[in-house]
Each structure stands twice: as C-alpha cells, then as structure tokens.
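1. any chance you could fold what I've pasted below:
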Amino acid sequence: MKILLVEDDAMIGESIQSALEGEGFSLDWARDGSVAEERLAANIYDAVLLDLGLPKKDGIDILQGMRAGRKNMPVMVITARETVDQRVQGLNAGADDYLVKPFSLKELIARLHALIRRAQGRPDPIYQSGGVIVNPVTREVLVAGRPVILSAREWTILEALIARPGAVFSRTQLEERLYGMVGDFGSNAVEVFIHGLRKKLGPDFISNIRGVGYMVEKT
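-> Residues are numbered from 1 along each chain as shown. Predicted coordinates for the structure are as follows:
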C-alpha cells in the first residue's frame, strides 16, 4: 500500500517512515505543504497522513483543496492541535480520522489499516479464495490450513492485489509498490514475484489478464 506522509518534523517523520516501511508500506514523504500538493497532483495514494502545522501551506488548506478537487483518498490528520474546535475543523474539512501527537506508532498503524479497509469497502480484512486465506493485518498466509512464508517483496505484490479483488493491476502499478522498498529491481521484477507467489499459493490464484495486468478473484 502506498502512503503519503506530510510532516515537517524530521524526528517524527523518520519514526513514522521506519515503522510503516517495516510493515511493508510504500511511503512518499513531503516536508511542506507545497511539496505535498505536488505529490497529490502526480500520484494516487491508498491513504494520506497529514500534519496541519506545515511550512508554506497549512494542512487544513491542503485537505480542503483535496476534497474540492474530488480527491477521495482517505486522510488521517496527525497533529499537535488537540482542542475540540481544532478537531472539528479538521473533520469538517474532510479528514477521515484524527490522531493527536504524541501517539503510539502501533496505534497509528492499526488505525491506518482500518482506515484503508473502510475506504476499500472491506471492513473484514481477511481475504479467502479456495484454500488460500490471507490476513493483511497479521500477515498470516495459509494454504490448505498450512502457514506459508512470503518474502517482503512477494507480500507487497500480494497485499496490493487482495486490497482490491477483481481489479486488474498493471505491471507499472505493481512496480510502483516495489519501488518504495529498498533494493534494486530488474525490468521483470513483477513477473518474478508473481511466479514465486503462484508456486506458493497455487498456479491459478493470480490471474494474468493478457495485455492488461494481474488480479485475484473477487470473493
């Protein structure tokens, strides 16, 4: 899953970046409001973590601009502004959730997962197809009742596919998920990881839509 972090505090930003990348998220980090708007104009994210007190442009203005431009990606406000009126202002501007600093990184990750599930219309995080069961919160994968171990890169591909069952992801879209991770990837990286997933989960678990991309069945 690809996240935009908008945070000007280097220490907080580095902690969030480390925690999210450790959970397999792909992260873009904007350190001021202007850069955030550029990233939002050029990319689609699964969610946005948005500080309010930013250089160059306030977070509330960014949020209002997103909603005015019909950018419906979920937004979690992370801020030191803790009064009731300030929370109401953020929610009225279009925030989907609100977390006051300082906060637990574990809570941030759990609420971020829940926020993305709600936005995708999947309140139950468990994905099941045939004999394969995937829990994206715990990262447990079972095939015929037996646990299967995936590499971090295989998990990144699988997580993207099960987040939107029935939707076709192009190779480019899946490559964008991988590029947020540390490491060099060849031009056929997606095909290599898809091949690995099929060996572990079954040859028919991931469908190849010729000339378009890859998908898992809608359940």
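2. residue boundaries of the helices in this protein?
-> 10-22, 33-42, 59-68, 84-92, 105-119, 152-163, 171-179, 189-201 (DSSP state H).
3. which strands or helices does the last one pack on?
-> Put plainly, it is helix 189-201. The contact analysis (3 or more Cβ pairs under 8 Å, 6 or more residues apart in numbering; DSSP states H and E) places helix 189-201 against strand 140-143, helix 152-163, helix 171-179. (Each C-beta comes from the backbone N, C-alpha and C, glycine too.)
4. so what's the residue count around residue 85?
-> When neighbours are defined as other Cβ atoms under 10 Å, residue 85 has 8 of them.
5. so for residue 74, which of the helices of the chain sits nearest?
-> With Cβ to Cβ as the measure, helix 105-119 is the member of the helices of the chain nearest residue 74 (4.3 Å).
6. show me where pLDDT drops low in this protein?
-> In the predicted model, the chain carries pLDDT under 70 at residues 82, 121-125, 179-187.
7. hmm, what's the outermost residue in it?
-> Each residue of the chain has a distance to the centre, and by Cα atoms, centre = their mean the biggest one is for residue 85: 29.0 Å.
8. distance of it from residue 60?
-> Residue 85 sits at a distance of 12 Å from residue 60 (criterion: Cβ to Cβ, to the nearest Å).
9. also residue 189?
-> Distance, residue 189 to residue 60, using Cβ to Cβ: 39 Å.
10. before we move on, what about residue 35?
-> Separation of residue 35 from residue 60 (Cβ to Cβ): 17 Å.
11. compare these two (neighbour count), which wins?
-> residue 60 (22 against 18).
12. for the closest residue to that one other than its chain neighbours, give me its contacts.
-> Once flanking residues are discounted, residue 60 sits nearest to residue 93: 5.2 Å by Cβ to Cβ, 6 or more residues apart in numbering. Residue 93 sits next to 60, 63, 64, 67 when contact means Cβ atoms under 8 Å, 6 or more residues apart in numbering.
13. try residue 208
-> Contact partners of residue 208, counting by Cβ under 8 Å, 6+ apart, are 194, 214.
14. same question, residue 132
-> Applying Cβ under 8 Å, 6+ apart to residue 132 gives the contacts 141, 142, 143, 201, 202, 205.
15. buried residues in stretch 77-90?
-> By 16 or more other Cβ atoms under 10 Å, the buried positions in stretch 77-90 come out as 77, 78, 79, 81, 86, 87, 89, 90.
16. could you do stretch 149-158 as well?
-> Across stretch 149-158, burial judged by 16+ other Cβ under 10 Å covers 150, 153, 154, 155, 156, 157, 158.
17. for residue 34, see how far away the closest residue to residue 120 other than its chain neighbours is.
-> Computed as Cβ to Cβ, 6+ apart, the closest residue to residue 120 that is not its neighbour in sequence is residue 163, at 5.9 Å. According to Cβ to Cβ, residue 163 and residue 34 sit 30 Å apart.
18. now swap in residue 28 and tell me
-> As judged by Cβ to Cβ, residue 28 and residue 34 stand 14 Å apart.
19. what of residue 56?
-> For residue 56, the distance to residue 34 (Cβ to Cβ) stands at 4 Å.
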